[in-house]
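# Test case, fold it:
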Amino acid sequence: MISLQEIFTQVYDQARYFSRVDYQQSLIPSLSNEEQPWLTSLLKMSAFPLLS
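This next block holds a predicted model:
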């Protein structure tokens, strides 16, 4: 079975998106007031937290 997460991670790493995308910039379109806390908590729980 194909792991979509493994494929996504491999493409992300090989394309070097981590060095091309500025994750500190606001999203366009921006998140709603209801979506912002959800994203913040998701990022804090992720394997690669972007928020300190």
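# Ranking helices and strands of the chain by mean pLDDT, which lands last?
Least confident helix or strand of the chain, by mean pLDDT, DSSP states H and E, is helix 17-20 with a mean of 81.
# so residue 6, which of the three states?
Following DSSP: H, G, I helix; E, B strand; the rest coil, residue 6 is assigned to helix.
# mind checking how far it is from residue 29?
30 Å (CB to CB, to the nearest Å). Just so you know, the C-beta spots here come from the backbone N, C-alpha and C atoms, and that holds for glycine as well.
# So if I had to pick from these two, which one is more boxed in?
When residue 6 and residue 29 are compared for neighbours, residue 6 comes out ahead with 9 against 6, by other CB atoms under 10 Å.
# Please tell me how far that one sits from residue 19.
Relative to residue 19, residue 6 is positioned 21 Å away (criterion: CB to CB).
# Okay, helices next: where are they in the protein?
With DSSP state H, the ranges of helices along the chain come out as 4-14, 17-20, 35-45.
# Worst mean pLDDT among those?
For those, mean pLDDT drops lowest on helix 17-20, to a mean of 81.
# Show me what that one is in contact with.
With CB atoms under 8 Å, 6 or more residues apart in numbering as the test, helix 17-20 has contacts from residue 12.
# starting at the chain centroid, how far to it?
Relative to the chain's own centre, helix 17-20 is displaced by 11 Å; criterion: CA atoms, centre = their mean, to the nearest Å.
# Give the burial count for residue 11, as a bare number.
Using other CB under 10 Å, the number of residues around residue 11 comes to 10.
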